[in-house]
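Undergrad: predicted model follows, preceded by the sequence.
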Amino acid sequence: MTDPRSHPAPPPSPHASGPRSIAAQTIGTAVTGDHAHVTVLSADERQSAREVGAPPGAGYLPAPAVGVVGRAREREELRAALAGQGEVAVTQARAVHGLGGIGKSTLALHYAHHYRRSYSLVWWITATSPEQIAAGFADLAGYLHPNWAGTVQPAQRAAWAVLWLQWHPGWLLVFDNVEEPEHLRPHLGTLPGGHHLVTSRKATGWHDIAPTLPLGVLDPEAGTELLCTLALGGRAPTDRQRADARALAHDLGHLPLALKQAAAYVHQTGTDFAAYRDDLGLMLDEAVDGIDPRRTIARIWDLTLAAISRRSELAVTVLHTLAWLAPDHCPRTLLAPLADRPTDLDKALGVLHAYNMVSFTGGTVSVHRLVQAVLRARARSGHMTGSPEPAEPAVSVSPVEPAAPTAPAVATAPTAPSAPTAPAGSRRAPAGRKEAERLLLRAVRPGGPGTGLDTDRCEQLMSHILALAATTPPGHDCADCATLYLETADHLHRLGQQARAVPLCEAALAYRERVLGDTHPDTLATRNNLAGAYRAAGDPERAVRLYEVTLAQRQRILGDTHPRTLTSRNNLAQAYRAAGDPERAVPLFETTLAQRERVLGDVHPDTLVSRNNLAGAYRAAGDLERALALFEATLAHRERILGDVHPDTLISRNNLAGTYLRAGDLERAIPLFQATLAQRVEVLGDAHPSTLTSRNNLACAYESAGDLERAIPLFEATLAQRLEVLGDTHPDTAASRDNLATAYRARDRAHHASRGPLDDHDHADDAEGAQATEAAAATGNGAADNHAADNDPHAAADHAPHAAPDNAASDNR
């Protein structure tokens, strides 16, 4: 068995050696990984990552699980697999595929505690999203180098932590509850000096990432032992108790979560296994492929919730509230308003913990996903209801129209009640739903209703806001929530993270369609925004469908030349381009430009957007002469009207540089790309999608000039950041992967052509490759300028979500 600390420290190799590796001279400048920020570290920071050590037994793990039985064989299989491979994904057996409760996290925690002394450091990361993975690395830096970490941004801390792990082998990283296998691919390739243990509900998608250990239900003996161990408090069971426990374990399908909750009930109430079986009722139904975990847990619920209610009504309210939030790390401070006194909340949470309903980590509360799913399903079906819903106003008091071209890209709710309100009083909200909404609304608007959003608090609670939107019950209305979703989507939009806003826009659109009607202007604006979010998420087909519907409705309601109709026409043209349909895109761009010149004037910001977009369409069609003329004219107008570093001006500069590159004029292209990248880093930030576009484009220019020493590190950095910001399946990420593969082949075809997943892309993207694809549509929040320089729908050229006037003014709703 291999001791993980026996791995040698990675030597400072003079060149990168694989599709996800980084040349040694770039360590500290670029950190590869699906979701690792690419961040520049200073020489002192790089040195500290090498010199800072970890004390014996260092790391972070949740408390050991109680009553772990029946998993010794799986634990040893994990040990053997990690010693041989370095990474293992613990999934679950096909019989319960897609559901939790099988004990994956418990097994990982048991392994980590059992072998903790074998590792130099053990670090547990809740990994349900790319943002949580990045936060886990940032927290590691805070643990190892706290004085420095308190002075820098999370992205810088995460980069430092990855660099530290590269210098200090022998560690164990546990990535718990990974939703998408691809989120981990570059992390595993970049960090070979330790062990990666992954838990996931997904049984597929791991074949070329990590070996898997399918985890099934417990065997009958282990299930019986688990019940007896937890329910009897360490007392030896009698023969009768063991027999009854065996029968109960069978009834519950030997599902660990169900067994633990049944045992907690027996232990807390003092009942026995036989009586519990009688209370549970008829034998639990079995699904086609075996026991149905949802049905199992639901049957247990009736008994457990009744017992909890007898001890604390507040505990039941807290549990129902948690069902509508993110499963992990709900701050206790968020739940505090549910109780009159802090001690009341502590008591309620203690009751839930005693019945194995929640777990604690520091000042946060977590609940199992299966527990949430069952609670929500039963609440929606009417088994558990809350207080009657008050009448919801049809509208809120937020402004309808953006006050200026820089108004938010996502509209707030309207002012005028132009549609009938929903009927009042007769409906009941599902249990806990209203409480969850009130808690989040209060937390992100500390000044009260109608006040501004606390964006810092919004960032801290983002996972819970997204969960609240994604779990909206059909027909449930909350005007303040719809406004919150739109404002949060706007916040993500400004950060260049529009793809994350899909559930927010979907929930807001459903509300507006129901309350305002299908053709209300604000409904159309929200539909436009959702289409943009789909496009940003790499789904141009759904974007096209929504844009087509929105354009047809605006033409009918507002007229053919209304500014918002023109915005929809521009957005649809962008979506056609993103979907690879230039024959429909170019005429639509030409029509939109002509109408905007006539209606708005020659130098109106929206007219400049259309001129830029048409230039991009000409360039894509190979008409460089007309493209250059339009790009140069647009840049001159924007410099004069908007200023030298306005995001729209940077879009034009980027697009013009791309056209110079397309024409083979490297002497003008490279300096312009360099200047644009530097300005975007300063204005937008290092990881903004538009900045990534500029970094990609500059790398393409270097490659065209034969300067691979400068091109490859930029391609590597761009790929890592796009994996984080856009995800592995986004077209722009695929373009970056192709560009990097091409550069590797150009540098050493014999060495790199056979390496890694990059070789699946057999076609090479030259300087035109990812740049000229220009798969941009409008940003969801309005028309985006056509991003002519890269496949970056919501990032650069005029695909920037809020950089272009069309994003900021014409259709900011």
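TA: Yep, it's here.
Undergrad: quick one: which helix or strand includes the closest residue to Leu509 other than its chain neighbours?
TA: Spatial nearest neighbour of Leu509, excluding adjacent residues (C-beta to C-beta, 6 or more residues apart in numbering): Thr526 at 4.6 Å. No exception for glycine: its C-beta is placed from N, CA and C like everyone else's. Using DSSP states H and E, Thr526 sits in helix 521-536.
Undergrad: give the rounded mean pLDDT of that helix.
TA: Summarised as a single mean, pLDDT over helix 521-536 is 92.
Undergrad: okay, now the domains of this structure?
TA: As given by automatic domain parsing, the domain ranges for the chain are 4-215, 576-810.
Undergrad: switch these over to JSON lines; also include mean pLDDT.
TA: Output for those, formatted as JSON lines (pLDDT from 0 to 100):
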{"stretch": "domain 4-215", "mean pLDDT": "73"}
{"stretch": "domain 576-810", "mean pLDDT": "75"}
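Undergrad: ok, which of those domains comes nearest Gly432?
TA: domain 4-215 (19.3 Å; C-beta to C-beta).
Undergrad: circling back: so which of the domains of the chain is the most surrounded?
TA: Among the domains of the chain, ranked by average contacts under mean count of other C-beta atoms under 10 Å, first place goes to domain 576-810 (a mean of 24).
Undergrad: dump the domains of the chain into JSON lines; add distance to Tyr355 as well.
TA: Shown next, in JSON lines, are those (distance: least, C-beta to C-beta, whole Å):
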{"stretch": "domain 4-215", "distance to Tyr355": "13"}
{"stretch": "domain 576-810", "distance to Tyr355": "38"}
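Undergrad: out of those, which gets nearest to Ala499?
TA: For Ala499, the closest of those is domain 576-810, at 6.5 Å, according to C-beta to C-beta.
Undergrad: how far does that closest one sit from the chain's center?
TA: Relative to its chain's centre, domain 576-810 lies at 24 Å (C-alpha atoms, centre = their mean, to the nearest Å).
Undergrad: cool, stretch 528-540 as well?
TA: On C-alpha atoms, centre = their mean, the centre of stretch 528-540 falls 15 Å from that of its chain.
Undergrad: the residue nearest to Leu509 reaches Glu506, doesn't it?
TA: No - between Thr526 and Glu506 there is no contact under C-beta atoms under 8 Å: 9.5 Å.
Undergrad: which one of the two is surrounded by more residues?
TA: Thr526 (32 against 18; other C-beta atoms under 10 Å).
Undergrad: and stretch 306-320, end to end?
TA: In stretch 306-320, first residue to last residue: 13 Å (C-alpha to C-alpha, to the nearest Å).
Undergrad: and the contacts of that stretch?
TA: Contact with stretch 306-320 is made by 265, 268-269, 305, 335, 338-339, 344-345, 347-349, 351-352, 355, 357-358, 367, 375, 379, 384, 386, 431-432, 435, as judged by C-beta atoms under 8 Å, 6 or more residues apart in numbering.
Undergrad: just the buried residues out of these, in ChimeraX syntax.
TA: The following ChimeraX line selects those of the contacts of stretch 306-320 that are buried, judged by 16 or more other C-beta atoms under 10 Å:
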select :265,268,269,305,335,338,339,345,348,349,351,352,355,357,358,367,375,379,384,386,431,432,435
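Undergrad: among the contacts of stretch 306-320, which lie within helices?
TA: When DSSP state H defines the helices, the subset of those inside them is 265, 268-269, 305, 335, 344-345, 347-349, 351-352, 375, 379, 435.
Undergrad: and the angle for the strand or helix carrying Arg512 with helix 521-536?
TA: Assigned by DSSP H and E, Arg512 belongs to helix 502-515. Going by axes from the mean of the first three to the mean of the last three C-alpha atoms, to 10 degrees, helix 502-515 is angled at 160 degrees with respect to helix 521-536.
Undergrad: how far does helix 502-515 sit from its chain's centre?
TA: For helix 502-515, the separation from the chain centroid amounts to 19 Å (computed by C-alpha atoms, centre = their mean).
Undergrad: ok, stretch 117-126 next?
TA: 24 Å.
Undergrad: quick one: contacts of it?
TA: 3-5, 54, 57-62, 109, 112, 116, 132-133, 136-137, 140, 143, 168-177, 194-195, 328-329.
Undergrad: one more: stretch 585-602?
TA: 560-561, 563, 566, 569-570, 572-574, 576-577, 604, 606-607, 610-611, 613-614, 617-618, 621, 786.
Undergrad: which other helices and strands contact the biggest helix by length in the chain?
TA: Assignment by DSSP H gives helix 731-752 as the longest helix of the chain. Packed against helix 731-752 by the contact rule (3 or more C-beta pairs under 8 Å, 6 or more residues apart in numbering; DSSP states H and E) you find helix 689-704, helix 708-725, helix 769-773.
Undergrad: quick one, strands of the stretch 401-550 of the chain?
TA: Using DSSP state E, counting those that start in this stretch, the strands found in the stretch 401-550 of the chain span residues 428-430.
Undergrad: helices of that one, start to end?
TA: 433-444, 455-460, 462-470, 479-494, 502-515, 521-536, 540-558 (DSSP state H, counting those that start in this stretch).
Undergrad: CSV for those helices, including distance to Phe273?
TA: Below are those laid out as CSV (distance: least, C-beta to C-beta, whole Å):
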stretch, distance to Phe273
helix 433-444, 35
helix 455-460, 44
helix 462-470, 36
helix 479-494, 44
helix 502-515, 42
helix 521-536, 51
helix 540-558, 51
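Undergrad: Thr199 is nearest to which of these?
TA: Thr199 lies closest, by C-beta to C-beta, to one member of the helices of the stretch 401-550 of the chain: helix 462-470, at 17.9 Å.
Undergrad: run through who's touching the closest one.
TA: Counting by C-beta under 8 Å, 6+ apart, 128-129, 131-132, 324-330, 334, 436-437, 440, 444, 458, 481, 484-485, 488, 500, 503-504, 506-508 sit against helix 462-470.
Undergrad: on the three-state scheme, Leu213 is what?
TA: strand (DSSP: H, G, I helix; E, B strand; the rest coil).
Undergrad: and the ones in helices among the contacts of stretch 306-320, which two are furthest apart?
TA: Thr269 and Glu435 (26.4 Å).
Undergrad: centroid residue for the protein?
TA: Ser129 (4.8 Å; C-alpha atoms, centre = their mean).
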